[in-house]
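Asks: Below are the sequence and a predicted model for it; my questions follow.
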Amino acid sequence: MNIFWENIWKFPKFIISVFIGFFLTAAYPFFQLSKNRKIFYFIFSIIILIAGLLVIVLKEMLGYT
């Protein structure tokens, strides 16, 4: 039974490492594009724009003013 609980306690670490690996793998092309400053500023501004729009949409959906 101890082996079962040891495996259960290892599972959150595994999930976190899988998510970090996924996001790093998905973001790798953007890291390569960020070597060019013009493209970096464009991508950064797009990310900020998307995040801002997401905040506005969520505020409207949830009724916060």
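Replies: Everything's here; your move.
Asks: where does the residue most central in space within the chain land on pLDDT?
Replies: With distances taken as C-alpha atoms, centre = their mean, the residue of the chain nearest its centroid is F23 (5.9 Å). As predicted, F23 sits at a pLDDT of 92.
Asks: Tell me how far it lies from I43.
Replies: 15 Å (C-beta to C-beta, to the nearest Å). C-betas here are computed from N, CA, C, even on glycine.
Asks: same for the host helix or strand of the residue nearest to the centre of the chain, what does it pack against?
Replies: Here F23, judged by DSSP states H and E, is contained in helix 2-33. In terms of contacts (3 or more C-beta pairs under 8 Å, 6 or more residues apart in numbering; DSSP states H and E), helix 2-33 is packed against helix 37-62.
Asks: how far off helix 2-33 does the helix it packs on point, in degrees?
Replies: Here helix 37-62 points in a direction 130 degrees away from that of helix 2-33 (axes from the mean of the first three to the mean of the last three C-alpha atoms, to 10 degrees).
Asks: low-scoring stretches of the chain, by residue?
Replies: Within the chain, the stretches with pLDDT under 70 are 65.
Asks: again, only using 90
Replies: By pLDDT under 90, the low-scoring segments of the chain are 1-11, 27, 29-44, 64-65.
Asks: domain ranges for it?
Replies: Domains of the chain are assigned by automatic domain parsing as 1-32, 34-65.
Asks: F14 and V55, how far apart?
Replies: Distance from F14 to V55, by C-beta to C-beta: 31 Å.
Asks: now swap in K13 and tell me
Replies: Taking C-beta to C-beta, one finds K13 at 31 Å from V55.
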